[in-house]
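Q: fold the following and give me the result.
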Amino acid sequence: MNILAIGDIVGETGVKKAIKELPKLKEQYNIDFCVINAENSAGGMGINKKIFDLLIKAGANVITMGNHTWGKKDIFSFIDDKKIVRPANYTKGLPGNGYSIFNINNKKIAVINLIGRTSMGVLSENPFIVADEIYNKLKNEVDIFILDFHAEATAEKIAMGYYLDGKYSIVYGTHTHVQTADEKILEKGTAYITDIGMTGPKKSVIGMDIGVSFKRFVTSLPERYKLAESEPMLNGCVFKINDETNRAEEIIRINTK
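A: This is a model prediction of the structure:
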């Protein structure tokens, strides 16, 4: 089973790049299943129905979210679709799904989205406890568990990887928009990487206009967020999972110019 995860799509530049590259990547790596994080896809904050439909049509099986889940009011018109997954450790009772299960090639795949609590500024339940709760609930019916851990702190992400080793097949980080070079297969067979990176304007400060970023950091004055305009890049990973053991065998980082 070859699983493709594409990192945080930022703005129109990122959406167009993902739509252009996704069919080629699926063919090149013989992809069976694709997850895309798109919580920054609509103007840099949130997602709308048009973008959701475009990404699914291009070949994504499921869209994951994060701290900007509610960034666009349009989200409430399709948040209950099983093909979009928002953080499972948001406050109980909110609309949407914290995980979804898909039947692919005679395998049941659960895609889970969790949000970190360190330096995120979002009220949420303990992601470690929620990750366990979901696993214990689904372990007798699901073959492959995939976690998009949308978190700021490197330490929190690394701890989550080791914590879920042997339970989840894939644990990867999103949110920081910078692809890390620490991909590894953990001792009990879980594929892990701290952040799979960003899909959006390459010449930018994690997607933001460089000049706006200067003003924020140099003067400490508030400045309206503005997306950068430059050539696009696509970041992500291909995870190869053994069909017999459901454990990871290989991780390939993708960085498409």
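
Q: surely Ala181 touches Arg253?
A: Yes. Counting by Cβ atoms under 8 Å, Ala181 does reach Arg253; the two are 7.4 Å apart. C-beta coordinates here come from the backbone N, C-alpha and C atoms, glycine included.

Q: more neighbours, those two?
A: Neighbour count, other Cβ atoms under 10 Å: between Ala181 and Arg253, Arg253 has more, with 15 against 7.

Q: quick one: contacts for that one?
A: Applying Cβ atoms under 8 Å, 6 or more residues apart in numbering to Arg253 gives the contacts 179, 181, 183, 193, 196, 235-237.

Q: from those, which is closest to Gly11?
A: Closest approach between those and Gly11, by Cβ to Cβ: Asn235, at 14.5 Å.

Q: if we can go back for a sec, what is the nearest of the contacts of Arg253 to Arg86?
A: Nearest to Arg86 among the contacts of Arg253, counting by Cβ to Cβ, is Ile196 at 18.2 Å.

Q: wait, a helix at the closest one?
A: No. Counting by DSSP: H, G, I helix; E, B strand; the rest coil, Ile196 falls outside a helix, being coil.

Q: if we can go back for a sec, what's the most distant pair in the contacts of Arg253?
A: Greatest spatial distance in those: Ala181 and Gly236, 14.0 Å, computed using Cβ to Cβ.

Q: centroid-nearest residue for the protein?
A: In the chain, the centroid-proximal residue (Cα atoms, centre = their mean) is Asn37; its distance is 3.7 Å.

Q: helix, strand, or coil at Ala18?
A: Under three-state DSSP, Ala18 falls in the helix class.

Q: let me see the ranges of the strands in the stretch 151-257 of the chain.
A: Taking DSSP state E, counting those that start in this stretch to define them, one finds strands in the stretch 151-257 of the chain at 170-174, 184-185, 191-193, 198-201, 232-241, 248-256.

Q: could I get those strands as TSV with distance to Ala42 and mean pLDDT?
A: Output for these, formatted as TSV (distance: least, Cβ to Cβ, whole Å; pLDDT from 0 to 100):
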stretch	distance to Ala42	mean pLDDT
strand 170-174	16	98
strand 184-185	33	98
strand 191-193	26	98
strand 198-201	12	97
strand 232-241	16	98
strand 248-256	22	97
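
Q: most tightly surrounded among these?
A: For the strands of the stretch 151-257 of the chain, ranked by mean neighbour count under the definition mean count of other Cβ atoms under 10 Å, the leader is strand 198-201 at a mean of 30.

Q: pairing partners for it, with directions?
A: Paired strands of strand 198-201, with direction, are strand 8-9 (parallel), strand 232-241 (antiparallel) (DSSP bridges).

Q: nearest to Ala153, out of the strands of the stretch 151-257 of the chain?
A: Proximity to Ala153 (Cβ to Cβ) singles out strand 170-174 among the strands of the stretch 151-257 of the chain, at 9.6 Å.

Q: which other helices and strands contact that closest one?
A: In terms of contacts (3 or more Cβ pairs under 8 Å, 6 or more residues apart in numbering; DSSP states H and E), strand 170-174 is packed against strand 2-6, strand 144-150, helix 154-163, strand 191-193, strand 232-241.

Q: select, out of the ones you listed, the one closest to Val212.
A: strand 232-241 (18.7 Å).

Q: report the angle between that closest one and strand 144-150.
A: 150 degrees (axes from the mean of the first three to the mean of the last three Cα atoms, to 10 degrees).

Q: offset the numbering so it begins at 894, please.
A: New numbering, starting at 894: the last item is strand 1125-1134.

Q: got JSON lines for the contacts of Arg1146, with distance to Asp967 too?
A: As requested, the contacts of Arg1146 are exported to JSON lines (distance: Cβ to Cβ, whole Å):
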{"residue": "Gln1072", "distance to Asp967": "29"}
{"residue": "Ala1074", "distance to Asp967": "36"}
{"residue": "Glu1076", "distance to Asp967": "34"}
{"residue": "Ile1086", "distance to Asp967": "31"}
{"residue": "Ile1089", "distance to Asp967": "26"}
{"residue": "Asn1128", "distance to Asp967": "26"}
{"residue": "Gly1129", "distance to Asp967": "25"}
{"residue": "Cys1130", "distance to Asp967": "29"}
